[in-house]
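What shape does this take:
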Amino acid sequence: MRFFIVDAFTDRAFAGNSAGVVLLDEPADPAWMQAVAAEMKHAETAFVVTTDAGPKSLRWFTPAVEVALCGHATVAVTHVLGGKQTYTTKSGELRANAEDGWVELDFPSDPPRPTDDDLSEILPGVEIEYTGRGVENLFAVVKDADTVRGLEPDLGKLKHTWTGRLLVTAQGDDFVSRFFAPGVGIDEDPVTGSAHCILSPYWSERLNRKELTGEQASARGGIVRTRQDGDRVHLAGQAVTVLSGELHI
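Okay, here's the model as predicted:
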């Protein structure tokens, strides 16, 4: 089985968000996929069945759990396979296209619904303008981009809330964000495609623009272009393959 390590949402190696990609000839045992993902130690490892005649089966695993949706690993898979791809996933059918050095994803929109979640102990001393929830993530808007860049959340407290995943954002050139997910074994995710399914509808409505550019301000950093299209979000990013090889198990 061929595997690749790909840095997604970046045009240079050792930046953006790294993902494992494993190409399968047939569906694999979930326990085996989880063990491989734990061995890879990337935020997500994607497993895609390349021999499917129609849409390809695609699943994503963190080192600790399987997740229902992962943008950066889908960018990585499509970067490896090239061209137009359709995937069957736990989040439904997803479409992607690799062209001219960019990968565009067609994902379901996940507009946040307002909530009264108290995040004061998770983000001590931070002025929070808005709290909400997406399908799986807590969502918070803070006053400015510098606040986002300087965040030091209490990850221990976050881990034991709802799904243990928090997306924090503020207006920047368009918008800036960071994503923390200790509940699924990732203290901070470098660049999170699926988080932009929340960010795009929120900021598109607030800024009254359908096309935006988001910066995820982690240590590695990355750029995600978004285009809001009704109940779908088109995400675009670049990717770089940094390693390839074979699994011998």
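
Would you mind measuring from Phe47 to Asp231?
27 Å (Cβ to Cβ, to the nearest Å). Glycine gets a C-beta too; all of them are placed from N, C-alpha and C.

Would you mind telling me which of these two has the busier surroundings?
Taking other Cβ atoms under 10 Å, Phe47 and Asp231 do not tie; Phe47 has more neighbours (26 against 10).

In this structure the more buried one contacts Phe61, no?
Yes. Taking contacts as Cβ atoms under 8 Å, Phe47 lies within contact range of Phe61: 7.3 Å.

between those two, what contacts are shared?
Jointly contacting Phe47 and Phe61 under the rule Cβ atoms under 8 Å, 6 or more residues apart in numbering are 33, 36.

could you pull out the helices for the protein?
Listed in chain order, the helices of the chain (DSSP state H) span residues 30-40, 71-81, 145-149, 155-159, 196-207.

Need the winner for burial among these.
Mean neighbour count, computed with mean count of other Cβ atoms under 10 Å, is highest for helix 71-81 among these, reaching a mean of 29.

quick one, that helix and helix 196-207 angle?
Angle, helix 71-81 to helix 196-207, by axes from the mean of the first three to the mean of the last three Cα atoms, to 10 degrees: 110 degrees.

Can you give the contact residues for helix 71-81?
In contact with helix 71-81 (Cβ under 8 Å, 6+ apart) are residues 4, 6, 8-9, 16-17, 19-21, 23, 43-46, 48, 50, 58, 60, 85, 87, 94, 96-98, 103, 105, 107, 191-197, 222, 224, 235, 237, 239, 241.

Among those residues, name the buried ones.
Among the contacts of helix 71-81, those classed as buried by 16 or more other Cβ atoms under 10 Å are 4, 6, 8-9, 16-17, 19-21, 23, 43-46, 48, 58, 60, 85, 87, 94, 96-98, 103, 105, 107, 191-197, 222, 224, 235, 237, 239.

Inside strands: which ones of the residues you listed?
The members of the buried ones among the contacts of helix 71-81 that map onto strands under DSSP state E are 4, 6, 8, 17, 19-21, 23, 44-46, 48, 58, 60, 85, 87, 94, 96-98, 103, 105, 107, 222, 224, 235, 237, 239.

Which residues are in contact with Asn137?
Counting by Cβ under 8 Å, 6+ apart, Asn137 makes contact with 163, 165-167, 179, 195, 198.

what about Val126, how many residues close to it?
Quick note: Val126 (other Cβ under 10 Å) scores 18 neighbours.

before we move on, the earlier item: compare the helices of the chain and give me the one nearest Glu246.
Closest to Glu246 of the helices of the chain is helix 30-40 (Cβ to Cβ; 12.6 Å).

who are the neighbours of the closest one, in terms of helices and strands?
Helices and strands touching helix 30-40, by 3 or more Cβ pairs under 8 Å, 6 or more residues apart in numbering; DSSP states H and E, are strand 17-24, strand 44-49, strand 56-61, strand 66-67.

got the angle for that helix vs strand 17-24?
140 degrees.

Give me the contacts around helix 30-40.
The contact list for helix 30-40 (Cβ under 8 Å, 6+ apart) reads 5, 20, 22, 44-45, 47, 59, 61-66, 247, 249.

Most neighbours of all the residues you listed, which one?
Most surrounded of the contacts of helix 30-40: other Cβ under 10 Å gives Glu44, at 31 neighbours.

ok so, going back, can I get the helices and strands packed on helix 30-40 in TSV including distance to Asp117 and mean pLDDT?
Converted to TSV, these look like this (distance: least, Cβ to Cβ, whole Å; pLDDT from 0 to 100):
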stretch	distance to Asp117	mean pLDDT
strand 17-24	26	97
strand 44-49	25	98
strand 56-61	26	98
strand 66-67	21	94
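
Nearest to Thr147, out of the ones you listed?
Among the helices and strands packed on helix 30-40, the nearest to Thr147 by Cβ to Cβ is strand 17-24 (22.2 Å).
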